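> no sequence on this one, just coordinates:
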């Protein structure tokens, strides 16, 4: 059973995190008039493809570091490293959030399956008890019939 609501929410959260990273990269590139604008967009709503936008953000942060590396003063280099670290951490947090959501959904699904299997098991056990009682009743009637026949023959 697919839960479209959680899938849609998951996709929106995933897209929002990617867009936040892209906006931060874009803002950083537009702030410096000497740098060339580098815009790369690799957006995927499929959780299996999460590594693509994360790699894009990491590449953008590295490219920004390369562009600014030789031209900027030491103070800006430190800020570039901080930005790169922030982008890296942000992308890793987004990936971990996505992974946690996936595990939670799998866990809920397995829990539902377990509960359904347990319910079926209880139903089968109840059916077994009823059949056993019916069998014992039938065997009891058969032995009574045999006893009656033996008694009438005497």
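Good, I have the coordinates. A quick note: this is a predicted structure, and the numbers were derived from the prediction, not measured.

> Tell me how many other residues crowd residue 82.
10 (other CB atoms under 10 Å). Just so you know, the C-beta spots here come from the backbone N, C-alpha and C atoms, and that holds for glycine as well.

> To clarify, my last question referred to residue 87.
The number of residues packed near residue 87 is 22, by other CB under 10 Å.

> separation between it and residue 97?
15 Å (CB to CB, to the nearest Å).

> now do residue 107
15 Å.

> Looking at these two now, which is surrounded by more residues?
Neighbour count, other CB under 10 Å: between residue 107 and residue 97, residue 97 has more, with 14 against 10.

> Now do the helix or strand harbouring that one, average pLDDT.
Element membership for residue 97, per DSSP states H and E: helix 74-153. Average pLDDT, helix 74-153: 84.

> Give me the packing partners of that helix, helices and strands only.
Using 3 or more CB pairs under 8 Å, 6 or more residues apart in numbering; DSSP states H and E as the contact test, the elements touching helix 74-153 are helix 4-31, helix 51-69.

> If we go by neighbour counts, what in stretch 110-117 is buried?
Neighbour-count burial for stretch 110-117, counted by 16 or more other CB atoms under 10 Å, picks out no residue.

> Contacts for it next, please.
By CB atoms under 8 Å, 6 or more residues apart in numbering, no surrounding residue is in contact with stretch 110-117.

> same question, stretch 130-142
By CB under 8 Å, 6+ apart, no residue outside stretch 130-142 reaches it.

> Make 17 the starting number, not 1.
I'll keep to 17 as the first residue from here, and by that count the last item is stretch 146-158.
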